[in-house]
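Enquirer: everything below, folded, please.
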Amino acid sequence: MTEIILGLIPEYGLYIIFFTVLFACFGIPLPSSILVLTSGALAAAGDLIIWQVVLVATIAYWLGDQLAFAIARFTGPSLLTLLRKIQRIKPVLDRSETMLKQHGWVAIFLSHTIFSPTGPYVSYVSGAVKTNWLKFTAVAMPSSTLWTISYAMLGYFFAGELPQMSDLVASMLIVAVFTTISIAFVIWLVVSWRHFEA
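Expert: I've put the predicted structure just below:
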């Protein structure tokens, strides 16, 4: 899948960037981070223009994120119940919900930057539990912009080391997922211990 999408960039460029980042915001497993990274490298080579890459990816992230929030806001907890029936999604959704309850806006920031694989689910949970839209947007938009600029500029400045950078990004995502699991487990232990003491 990744190779197919990356192979389409020279021909369809900004369209591929836009729709890949947009659909990734709904939790569809698309290589948005590697795509933005690669697009930055292509901009360094002169095949794309870096400010256009950043602008298109950022707008796609904003739009997808807001749509995910709005869908969950409209459907409410029924969407979360539906998503929990998918075995692959249930653990991530549970962790996202725990993160949001425990850490609020910090969880939104982290899910849109360092722990980007949890981003769609934090957006869904935020909408479903009726998080204040202005507060959500005030954190989500700057953090998603930071994510986009970081990945695009990494690709731009390290274009010659793109294969190594792609491997690094994949490794970082794996580490981020396991870190999220560990944090959620620690939070669960602390909460359980407090209930036990009570």
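
Enquirer: list the contacts of stretch 144-157.
Expert: For stretch 144-157, contacts defined as C-beta atoms under 8 Å, 6 or more residues apart in numbering pick out 21, 33, 36-44, 50, 53-54, 57-58, 61-62, 65, 112-113, 116, 119, 162, 165, 169. For the C-beta atoms, the positions are set from N, CA and C on the backbone; glycine is no exception.

Enquirer: for Lys130, which non-adjacent residue is closest in space?
Expert: Arg73 (6.9 Å; C-beta to C-beta, 6 or more residues apart in numbering).

Enquirer: oops, could you answer that again for Ser126 instead?
Expert: Per C-beta to C-beta, 6+ apart, closest to Ser126 is Phe136, 5.2 Å.

Enquirer: please report the distance of that neighbour from Ala152.
Expert: As for Phe136, its distance to Ala152 is 24 Å (criterion: C-beta to C-beta, to the nearest Å).

Enquirer: comparing those two, which residue is more hemmed in?
Expert: Neighbour comparison, Phe136 and Ala152: the larger count goes to Ala152, with 27 against 20 (by other C-beta atoms under 10 Å).

Enquirer: whichever strand or helix holds the more buried one: which residues count as buried?
Expert: Following DSSP states H and E, the helix or strand that holds Ala152 is helix 133-157. When neighbours are counted by 16 or more other C-beta atoms under 10 Å, the buried residues of helix 133-157 are found to be 136-137, 139-141, 143-145, 147-149, 151-156.

Enquirer: by mean pLDDT, flag the weakest helix or strand of the chain.
Expert: The weakest-scoring helix or strand in the chain, judged by mean pLDDT, DSSP states H and E, is helix 162-197 (a mean of 55).

Enquirer: how many neighbouring residues does Val125 have?
Expert: Based on other C-beta under 10 Å, the number of other residues close to Val125 is 28.

Enquirer: that one contacts Arg73, doesn't it?
Expert: No - the pair Val125 and Arg73 does not pass the contact test of C-beta atoms under 8 Å, sitting 10.9 Å apart.

Enquirer: list the contacts for Lys80?
Expert: That one is not Lys; residue 80 is Leu. Applying C-beta under 8 Å, 6+ apart, the residues contacting Leu80 are Ala72, Leu93, Glu97, Tyr124, Val125, Ala128.
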